[in-house]
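Q: test case, fold it:
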Amino acid sequence: MANSSRVGDPARRVRSVTRSTPLELPVLRLSAEERRDLQELIEHEWLVTNGIGGYSSSTVAGIVTRRYHGLLVAALPNPLGRMVMLNALLESAEDRSGQRSLLSLEPSEQGQTGSGPVAELIEFRLDGGIPVWRYALANATIEKRIFMPHRQNTVIVLYRASGAEPVTLHLTPAVHFRGYEAPVSQPLQYYAVTKDGDHMRLSTADLPPLRLAVEGGFQFIEDPRRREQIGYAVEEARGYEFHGSLWSPGTFVLSVDPGKAAALIASTEDPALMRAMPAEEALAAELERKRRLIRAAPQEAHAGSAAQLVIAADQFLIRPVGRVRDTVRATAVGDEVRTVIAGYHWFTDWGRDTMISLEGLTLATGRNREAGFILRTFSEYVRDGLIPNLFPDGSDEGLYHTADATLWFFHALERYAQVTGSWTLVEEVLPIMRGIVEAHLRGTRFGIGADPADGLLQQGAGGYQLTWMDAKVDGWVVTPRRGKAVEINALWHNALCLLSRWECDLGDQQLSRTYSDAASRARESFNRRFWFDGGGYLYDVIDGPDGAADSACRPNQLLSISLPNPVLDESRWATVLEVVRSRLLTPVGLRSLAPEHPDYKARYFGDLRTRDAAYHQGTVWAWLIGPWIDAWLKVHPDDRAGARKFLDGLIRHLPEFGVGSIAEIFDAEVPYAARGCIAQAWSVAEVLRCLLKTGVL
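A: Below you'll find the model as predicted:
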């Protein structure tokens, strides 16, 4: 199964993001055609998060297709990290006549869906980011919502009945406690089931227990059983282990009267926290929290697609409860720890993604205080002039193999100061930023350092992928880009310019002149050495291992125009822009390599090695629409309406794939199928930032 959307397909179904009135939550619906198409229901996925790194996610059909799917994926203290604690909930509804209909399609042996009549799905929508299903039975309707109370490893499945008759629900939890990255074939543990007050407790060795509770009158029918050979279709398509087992303790049976509600609650929290509020009260609190998010955003983001993106942005901003040491340190100085999940389902917090996303996720949404927390958090992790590339799940220690994340840190810090109008944080971390540049001038890890011959920044170390084009599989670095990469030097020049000004305003005048001179030298060398006259654009890398220049046409060159201190001479902007427009621009972002190149791959699909071979070799990246629009408006400053149109394809994508969010990547050719993560931080951030920059229509 491809598990992809068809953004460019002219036969694509009509879907909508309802343009809500100001301060009302946005509503996003699937079309009737999609609701009647089982494959569509399997290919559309939903996601809710809890603000601490945990989440709940599956397909609209209720079939788990990924190892990452689960009704409760809890963010637990390190070294556990994110754990799948409740994999699925098998649901059916029974009317007064005894007729049972499936609400979710049950996984069963050999990977086939369960048999039996299926209730008609008459609506699926996101209501303020919360997924809602509405099913028609013979004489009743059942509405289901799934949400997570903020900063709890708790998921609530809330049911409401309407119609002429009560409905009896049969709810069977299915579990396989494991790390969210662990293969589905990992053996099942033994689970002990005990009654603990008003809830059931499922436990196994060395892991927190899963607590299950029901609101409303119910009967529990004990029926422990294994479900063997569950098939995970997306894992099979991606070349991973795709058969696994689940275990069920039995079934909750509960009757829901017309106009009434009932809920199943699953949690790894203390029972007092888990049951602190009734389910409907907890839902009201979560919806009010989302209204406040929209209220805090600019007026232009109070309705429609922009409001939906404000809700989507919230999913990536977390307090990393797993890193207890960070929390203790921050609390001791009166601060708070914040970071950004780069993408769901499998990314953790990455330095590069965080810094690129920071403006769109926080500053564009009125969450300035959290932006400051994020910047302070990363400033604590600077080592040898570098911020971490990523924090592996379950670890307190960052990995530092990145040449550009630290340079994006300068950009994010400047945008924070500009938007907030406060330079206190810049002044506070100025010694750290100075130390970063000095480390780069001297030379630091992974061959990162300024070349004394021309002042340009070079990078590269065997076996490492140091730029954002960072695919690596089985020791093979697909696009090593060793040498002097075009966007690294655009970022380097921008960082030098910013530091020079910060020193002039807040620090040392002599150092200001030193950094200004370094920026001027880098700029002169850049324009002399990176221009590819034969193509009318910029080399992607110069001074590679063999001394040659790489003339591959890639989007990286856009940063030489788009950054606040552009390194490329203005006389060449329009020429570069036209080359990028004609060879790289698509309705959903920019290709990572022009189609004429022999390494170009039009489709991102297959096993890991095949996918990584295409990851930066043609595959479209949504986040690049941001630098493209920034560059476009520098060349065409009066064309905000034209710039806004470049976002149309990504806005149309909102009801697809990861419903309500924006995918990581897309195929490079029509129909531009969505691939990779179903929800990516920098995709959402850059689209929202540019919506507000160009004016929401």
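
Q: can we go C-alpha only for contacts and neighbour counts from here?
A: Noted.

Q: please, which helix or strand holds A213?
A: For A213, the host element (DSSP states H and E) is strand 210-215.

Q: pull up the pairing partners for that strand, direction included.
A: strand 199-203 (antiparallel), strand 261-267 (antiparallel) (DSSP bridges).

Q: which of these has the highest mean neighbour count?
A: Comparing those by mean neighbour count (mean count of other C-alpha atoms under 10 Å), strand 261-267 ranks first with a mean of 23.

Q: so how far is it from its chain's centroid?
A: Here strand 261-267 is found 27 Å from its chain centre; the criterion is C-alpha atoms, centre = their mean, to the nearest Å.

Q: over to stretch 316-325?
A: Counting by C-alpha atoms, centre = their mean, stretch 316-325 is centred 16 Å from the centre of its parent chain.

Q: what residues does it touch?
A: 51-53, 75-79, 81, 327, 337-343, 361, 394-396, 681 (C-alpha atoms under 8 Å, 6 or more residues apart in numbering).

Q: make JSON lines from the strands paired with strand 210-215 and add mean pLDDT and distance to R134 to it.
A: Formatted as JSON lines, the strands paired with strand 210-215 follow (pLDDT from 0 to 100; distance: least, C-alpha to C-alpha, whole Å):
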{"stretch": "strand 199-203", "mean pLDDT": "94", "distance to R134": "27"}
{"stretch": "strand 261-267", "mean pLDDT": "97", "distance to R134": "14"}
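
Q: nearest to R67, of these?
A: strand 261-267 (19.0 Å; C-alpha to C-alpha).

Q: please enumerate residues in contact with whichever helix or strand comes after the closest one?
A: Note on strand 261-267: by DSSP H and E, the next helix or strand toward the C-terminus is helix 271-274. Under the criterion C-alpha under 8 Å, 6+ apart, residues Q152, T154, R211, S267 lie in contact with helix 271-274.

Q: related to what we said a few turns ago, in strands only, show me the contacts of stretch 316-325.
A: A75, L76, G81, T339, V340, G343 (DSSP state E).

Q: where's the most far-flung residue of the chain relative to its centre, which helix or strand?
A: Distance from the C-alpha centroid of the chain peaks at S97, with 45.1 Å (C-alpha atoms, centre = their mean). Per DSSP H and E, S97 falls between elements, in no helix or strand.

Q: quick one: it from T168, how far?
A: Per C-alpha to C-alpha, to the nearest Å, S97 is found 11 Å from T168.

Q: which stretches of the stretch 551-697 of the chain have low pLDDT?
A: The model of the stretch 551-697 of the chain has pLDDT under 70 over residues 696-697.

Q: could you pull out the helices for it?
A: Taking DSSP state H, counting those that start in this stretch as the criterion, the stretch 551-697 of the chain carries its helices at 559-562, 573-583, 608-614, 625-635, 640-645, 648-652, 681-694.

Q: export the ones you listed to a markdown table and tack on distance to V175 and mean neighbour count?
A: Output for the helices of the stretch 551-697 of the chain, formatted as a markdown table (distance: least, C-alpha to C-alpha, whole Å; neighbours: other C-alpha atoms under 10 Å):
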| stretch | distance to V175 | mean neighbour count |
| --- | --- | --- |
| helix 559-562 | 47 | 26 |
| helix 573-583 | 48 | 17 |
| helix 608-614 | 27 | 20 |
| helix 625-635 | 40 | 22 |
| helix 640-645 | 45 | 17 |
| helix 648-652 | 36 | 18 |
| helix 681-694 | 29 | 26 |
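
Q: any chance of those in JSON lines, with distance to A332 too?
A: Output for these, formatted as JSON lines (distance: least, C-alpha to C-alpha, whole Å):
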{"stretch": "helix 559-562", "distance to A332": "39"}
{"stretch": "helix 573-583", "distance to A332": "49"}
{"stretch": "helix 608-614", "distance to A332": "43"}
{"stretch": "helix 625-635", "distance to A332": "37"}
{"stretch": "helix 640-645", "distance to A332": "45"}
{"stretch": "helix 648-652", "distance to A332": "42"}
{"stretch": "helix 681-694", "distance to A332": "29"}
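
Q: thinking again about what came up before, which strands and helices sit next to whichever helix or strand comes after the strand holding A213?
A: Next helix or strand after strand 210-215 toward the C-terminus (DSSP H and E): strand 218-231. On a contact count with 3 or more C-alpha pairs under 8 Å, 6 or more residues apart in numbering; DSSP states H and E, strand 218-231 meets strand 243-256.

Q: go again with 10 Å.
A: Applying 3 or more C-alpha pairs under 10 Å, 6 or more residues apart in numbering; DSSP states H and E, we find strand 218-231 packed against strand 167-174, strand 243-256.

Q: partners of it, with directions?
A: Here strand 218-231 is paired, per DSSP bridges, with strand 243-256 (antiparallel).

Q: quick one: mean pLDDT for the partner strand?
A: Per-residue pLDDT over strand 243-256 has a mean of 95.

Q: same check on stretch 469-479?
A: 86.

Q: now the end-to-end length of it.
A: Terminal residues of stretch 469-479 lie 6 Å apart, using C-alpha to C-alpha.

Q: same check, this time on stretch 450-468
A: 19 Å.

Q: same question for stretch 467-475.
A: So stretch 467-475: terminal residues 16 Å apart, C-alpha to C-alpha.

Q: picking up where we left off before, could you dump the ones in strands among the contacts of stretch 316-325 to TSV with pLDDT and distance to I432?
A: Below are the ones in strands among the contacts of stretch 316-325 laid out as TSV (pLDDT from 0 to 100; distance: C-alpha to C-alpha, whole Å):
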residue	pLDDT	distance to I432
A75	95	31
L76	93	31
G81	92	30
T339	92	19
V340	95	21
G343	97	28
